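> Build me a model:
(2 chains)
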2 protein chains.
Amino acid sequence: MYRFRHLADIVSWDRNAMMPPKGNAARAAAAAELATLIHGLATEPCLAALLEAAEGEPLDDLERANLREMRRAWREANALPESLVQRRTLVCAACEHAWRGQRAANDWPGFLANFRDVVNVAREEARLLAESGGLSRYDALMDRYEPGMRTTDVDALFGELKRSLPELVRRVAGVQREQRVLVPRGPFPVAAQKALGLEVMEVLGFDFGAGRLDESAHPFSGGVPEDVRLTTRYADGDFVQSLMGVVHETGHARYEQNLPREWLGQPLGQARSYGIHESMSLSFEMQLARSPAFVALIAPRIAAHFGADPAFAHENLAKLLTRVQPGLIRVAADEVTYPLHVILRYEIERPLIEGEIEADDVPALWDEKMAALLGRDTRGNYRDGCLQDVHWSDGAFGYFPSYTLGAMYAAQWFAAMRRAIPALDARIAEGDLAPVFDWMHANVWSQASRWETPELVVRASSEALNPAYFLGHLEQRYLGAG
Amino acid sequence: MYRFRHLADIVSWDRNAMMPPKGNAARAAAAAELATLIHGLATEPCLAALLEAAEGEPLDDLERANLREMRRAWREANALPESLVQRRTLVCAACEHAWRGQRAANDWPGFLANFRDVVNVAREEARLLAESGGLSRYDALMDRYEPGMRTTDVDALFGELKRSLPELVRRVAGVQREQRVLVPRGPFPVAAQKALGLEVMEVLGFDFGAGRLDESAHPFSGGVPEDVRLTTRYADGDFVQSLMGVVHETGHARYEQNLPREWLGQPLGQARSYGIHESMSLSFEMQLARSPAFVALIAPRIAAHFGADPAFAHENLAKLLTRVQPGLIRVAADEVTYPLHVILRYEIERPLIEGEIEADDVPALWDEKMAALLGRDTRGNYRDGCLQDVHWSDGAFGYFPSYTLGAMYAAQWFAAMRRAIPALDARIAEGDLAPVFDWMHANVWSQASRWETPELVVRASSEALNPAYFLGHLEQRYLGAG
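Below you'll find the predicted structure:
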């Protein structure tokens, strides 16, 4: 299965980064054939008895962790009949495909026609996974991305953020209103942006012998641990987008590149969860790369690629990279307002899956929550409202919390790092990033799926996930407090 | 199987054009797993009875051609036990891997140690395929690349060439000694070479919506009919190599891109053979692109990319692209001497597989034949002698004849075209290539595997493969005769 997934991952990267449009139909058929094969292997009838027998054997800790992960994957694969998996694929592919045009056309009624089917199939999926795992329906979906994470945990964590963030955003706006920030003059030639991105990947320790950087419409990190494929996108009027895309994806990449080689091929050797993965990309992008120390380190390199500009002074760049502005679009949001976008989606998709609201109710709820959380009006603007993300059209309910869990983990990692490593920021500013990478290697990368997430977090940072670190980080960075 | 082969073909392209070095071990394991899966499907026990039953059904011509191709593939797959396929993979991978260093080190004894194993496994393969197909051993290997082609045919065809070519080479040398040819002054920036290559692909009708051009150490054409992946290589001192690489691979690509869409996924829809495939690449590279008419068409484009140079005058370029010089290296050979390189290899690998000579005998035979056919001395120079090609290290015995069969088919196609299309060269010089493409579409591309090769050839050109067309083409182009 590991080997077949290798093929699936490489051709999926190819589809997004390389494939010309007319290759799509044959590729989709080939990828679906492989997915069916892998699902067939995961649900082979003999596995139940083999897993049962393994439970009774004398296993060491690693073997037991491996068995735990095998059982989890096995239970998930076996909870869903082949017919539902196929229906899901068809319904989501149709909705996602139509969504691309409907978003541009601001066509909520058109989207809704397909989206009702997606919600129905996702509810059926949730019901079966919930039965098999003894969970609530939304928890059962979220468990696929964040094993062990439950609505009660998320409610508590997000509750903290929801109480504090709107006020924090207002205070930051007050501070930033007084700031003068120079915006660098473009254009920034794409070739120079590429060269800068590759240089920064080098600084961030990316192993070019085991991965590569390409371009795609939406930046992503794909491939396999032995060969990680990153992408970014370039616009010649804005170098920050491509650069921060590269930094973010390099965070994902180093996690994959540093998973223990001796465990690869086993469930034990996989990255822990989507939230932990996101904690690595956000550690790189938000905690590290937008810190004054790192900005001081790379500001001269930026100037070297694009030419002298007073806006490239590191004090100015640091301000530019931490501007806060409540907006309509999640992927364009700063790190202070981003969690509010996630909370909004969480508060809609959870009751939608649990059957407390219907697909038709989404836009009104969106408008209401957008006004309450971010003070923005999205009425009638579906394009920049509930149609903006691909996730729902694709049936990926339960994924959104991972983004903000990742941001919170990342803040907690850096708090732990700063306690453990004296003068961390001074060392970063000097270009000595080894303490950061060593900490990540010891506490996250090398641990793969050895521990369930709560134990991983306590072992790495000496306490359970605590939103105070994220809030403290924001206050410190944006209000100079604490 | 078609879908799984799609995945195998795309990851194989990726391995050669994209993959970083540390990805190799995991990729090799994944690719081998997929190859085993495909072999398992091809040898499912139920297939014998299904094929048998199909023979008895009332089938139309296309269905019968499809069944013929299915049975051929089935027979080949079933002739070899899984254990032999695996041993072959291991032995050839080891020999090929070591060969890369041994070639550079001119290390024949080191190579020989592995090569004996390759010869043994290839002989075993040949024996089993020969038994199953009722053929001689070498014919059984050649049949995998050129179905239906036999040693007796090749002996007759190559015999003609062997009788005529050495004398022809001498006469051409005499003519060319008197010619003054200007060599364009480099460097030729790689970016300009790329742009020129893409432009020429456009002229040659490549569909960029269904394929792409990249770079690799050795130019090749890969991917799938729905998504063809070409590569070339660039050296900034020589634009001819990259350009002719692009033209050659575009010939392969257009065949794949124009196989009948409605037959794809069925054996009937595959390209006819390696020789016919090579006839397409050589039609593009040798027959078309090195013709005075085509050179006149692209000379101004070449000058536009690299700047004015009297060497870019089309009369001079045409001379430059048709220089003849007996050399040591097959892949660098001109079209007049190239067949002699192939004949040399054929005359060694055939008796080697039949057991008439041993692996140890190869270098002495090589030296003897090189002196006789090309008048060059390779004694002690294994690097540029019998170690120069990857084919033998990889166990690909029986492939070499395809190159020269392709050259002969290509000449026969253009002779047929010139009979059918008035003023063909004038139209080419004006940039009207449609008559060439229409002919290929009607006679080769759209026919895929509908006919066995001899019938395809007669239908396209009104007679069986006849080396007189190739020899006539050489005399006409290089001696101005006929």
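
> Output stretch A:277-292 as CSV - backbone C-alpha positions only.
What follows is stretch A:277-292, C-alpha atoms only, in CSV (Å, rounded to 0.1, in the frame of the first residue of the first chain):
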residue,chain,number,x,y,z
HIS,A,277,1.6,19.2,9.6
GLU,A,278,0.1,22.6,9.5
SER,A,279,2.0,23.5,12.7
MET,A,280,5.2,22.8,10.8
SER,A,281,4.3,25.0,7.8
LEU,A,282,3.0,27.8,10.1
SER,A,283,6.1,27.5,12.3
PHE,A,284,8.1,28.2,9.2
GLU,A,285,5.8,30.9,7.7
MET,A,286,4.3,32.7,10.7
GLN,A,287,6.5,32.0,13.8
LEU,A,288,9.9,32.0,12.0
ALA,A,289,9.7,33.8,8.7
ARG,A,290,7.6,36.8,9.8
SER,A,291,9.7,37.3,12.9
PRO,A,292,11.9,40.5,13.1
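
> Which parts of the stretch 101-250 of chain A are strands?
Under the criterion DSSP state E, counting those that start in this stretch, the stretch 101-250 of chain A carries strands at the ranges A:211-215, A:221-224, A:227-232.

> Go through those and name the closest to chain B.
strand A:227-232 (3.0 Å; CB to the nearest CB). Every C-beta, even on glycine, is put in place using the N, C-alpha and C of the backbone.

> mean confidence for that closest one?
Average pLDDT, strand A:227-232: 97.

> That one - contacts with which helices or strands?
On a contact count with 3 or more CB pairs under 8 Å, 6 or more residues apart in numbering or on different chains; DSSP states H and E, strand A:227-232 meets helix A:2-17, strand A:211-215, strand A:221-224, helix A:239-257.

> can you list contacts of it?
Strand A:227-232 is contacted from outside by A:10, A:13, A:16-17, A:197, A:201, A:206, A:210-216, A:218-223, A:242, A:245-246, A:249-250, A:252-253, A:256-257, B:19-20, B:22-23, B:26-27, using CB atoms under 8 Å, 6 or more residues apart in numbering or on different chains.

> Please, a ChimeraX command that selects the buried ones among those residues?
Restricted to buried positions by 16 or more other CB atoms under 10 Å in any protein chain shown, the ChimeraX selection for these reads:
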select /A:10,13,16,17,197,201,206,210,211,212,213,216,219,220,221,222,223,242,245,246,249,250,252,253,256,257 /B:19,20,22,23,26,27
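
> Show me the shaky parts of the stretch 351-482 of chain A.
Along the stretch 351-482 of chain A, the model assigns pLDDT under 70 to residues A:481-482.

> need the strands of the stretch 101-250 of chain A in CSV with distance to B:E335, can you?
Below are the strands of the stretch 101-250 of chain A laid out as CSV (distance: least, CB to CB, whole Å):
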stretch, distance to B:E335
strand A:211-215, 37
strand A:221-224, 41
strand A:227-232, 39
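
> helix or strand for the spatially most central residue of chain A, which one?
For chain A, the residue nearest the mean C-alpha position is A:E278 (4.3 Å; CA atoms, centre = their mean). Using DSSP states H and E, A:E278 sits in helix A:274-282.

> Now do the very next helix or strand once past that helix against helix A:239-257, angle only.
Counting by DSSP H and E, the element after helix A:274-282 in chain order, helix or strand, is helix A:292-306. Using axes from the mean of the first three to the mean of the last three CA atoms, to 10 degrees, the inter-axis angle of helix A:292-306 relative to helix A:239-257 is 120 degrees.

> Contacts for helix A:292-306, please.
Contact partners of helix A:292-306, identified using CB under 8 Å, 6+ apart, comprise A:184, A:188, A:192-193, A:195-196, A:199-200, A:203, A:239, A:243, A:288-289, A:309, A:312-315, A:317-318, A:321, A:425-426, A:428-431.

> quick one: the residue in the stretch 1-150 of chain A that chain B sits nearest to from B:E262, how far?
Using CB to the nearest CB, the closest approach of the stretch 1-150 of chain A to chain B is made by A:G23 at 3.1 Å. Per CB to CB, to the nearest Å, A:G23 is found 18 Å from B:E262.

> again with A:D61
For A:D61, the distance to B:E262 - CB to CB - is 58 Å.

> For A:H39, give me its contacts.
Neighbour list for A:H39: A:A77, A:E82, A:V85 [criterion: CB under 8 Å, 6+ apart].

> And it, which helix or strand is it part of?
Assigned by DSSP H and E, A:H39 falls within helix A:24-42.

> How far does that helix sit from its chain's centre?
Computed by CA atoms, centre = their mean, to the nearest Å, the chain-centroid distance of helix A:24-42 equals 25 Å.
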